[in-house]
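**Student:** I would like to see how this sequence folds:
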Amino acid sequence: MVGGRSASWIAGAAVLILLLGGCVDRQVRQRRATDLDEATRALEHNLQAIQRHDVETYLDQYLESPNLVVASADSLRRGYMVFAEARRASDDWPDTLIAGEPTAIWIAPGVVWTAFEYAAVVTGDTVTGWSERLFVKTPRGWKIAVTGMMQR
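**Tutor:** Numbering: from 1, shown residues only. Sure, this is the predicted structure:
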């Protein structure tokens with residue numbers, strides 16, 4: 001009978017592992033969907049701040065950290081303070097910003113990468129390109145940890 005009890009214990013453990021795995025998988029799918037939805041809304045909020053030329057709302061969406069990364073085709077800068085000082089000192093906003101449908105990729109719990117095509121009218125000239133944001137979930141909400149832009 002010892003062998004029979006071992007076999008039934010193993011079968012019971014296997015069923016329990018499969019059930020727990022299904023629960024974990026469902027929780028991961030739910031977390032992924034929630035993160036993607038929340039980060040996409042944070043991106044929309046960021047784009048609205050750009051369209052309104054609302055510098056303080058715009059800056060509030062970025063990670064206040066020396067680890068903030070701001071990338072473009074010709075530079076890579078780090079740090080929130082330098083970024084915020086430069087943004088506050090500039091009146092350089094697009095007259096019109098048209099953002100394409102964003103792509104959002106769930107990287108890990110609380111980490112979502114987004115990218116979108118854009119067209120911006122700046123003093124009568126239209127520029128186009130791609131922009132990206134890496135959002136991280138913080139106690140203060142979703143914040144941009146990495147931002148990049150590349151004109152075409």
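**Student:** okay, now the sheet partners of the helix or strand containing residue 106, with direction.
**Tutor:** Assigning secondary structure by DSSP states H and E places residue 106 in strand 103-108. Strand 103-108 has the following strand partners under DSSP bridges: strand 111-122 (antiparallel).
**Student:** is it true that residue 151 touches residue 125?
**Tutor:** No - taking contact to mean CB atoms under 8 Å, the distance of 11.1 Å between residue 151 and residue 125 leaves them out of contact. For glycine as for every other residue, the C-beta is placed from the backbone atoms N, C-alpha and C.
**Student:** what about the most centrally placed residue in the chain, is that helix, strand or coil?
**Tutor:** Ranked by distance to the mean C-alpha position of the chain (CA atoms, centre = their mean), the top residue is residue 135 at 2.7 Å. Classification of residue 135 by DSSP: H, G, I helix; E, B strand; the rest coil places it in strand.
**Student:** which one's more surrounded, residue 151 and residue 125?
**Tutor:** Neighbours of residue 151 and residue 125, each counted by other CB atoms under 10 Å, are more numerous for residue 151; the result is 13 against 8.
**Student:** excluding sequence neighbours, find me the nearest residue to that one.
**Tutor:** Using CB to CB, 6 or more residues apart in numbering and skipping the chain neighbours, the partner closest in space to residue 151 is residue 129 (4.0 Å).
**Student:** so what does the helix or strand that that neighbour is a member of touch, helix or strand wise?
**Tutor:** Per DSSP H and E: residue 129 is located in strand 125-138. With contacts defined as 3 or more CB pairs under 8 Å, 6 or more residues apart in numbering; DSSP states H and E, the packing partners of strand 125-138 are helix 2-52, strand 111-122, strand 141-151.
**Student:** can you list contacts of it?
**Tutor:** With CB atoms under 8 Å, 6 or more residues apart in numbering as the contact definition, strand 125-138 has outside contacts at 35, 38-39, 42-43, 46, 63, 99, 107, 109-120, 142-152.
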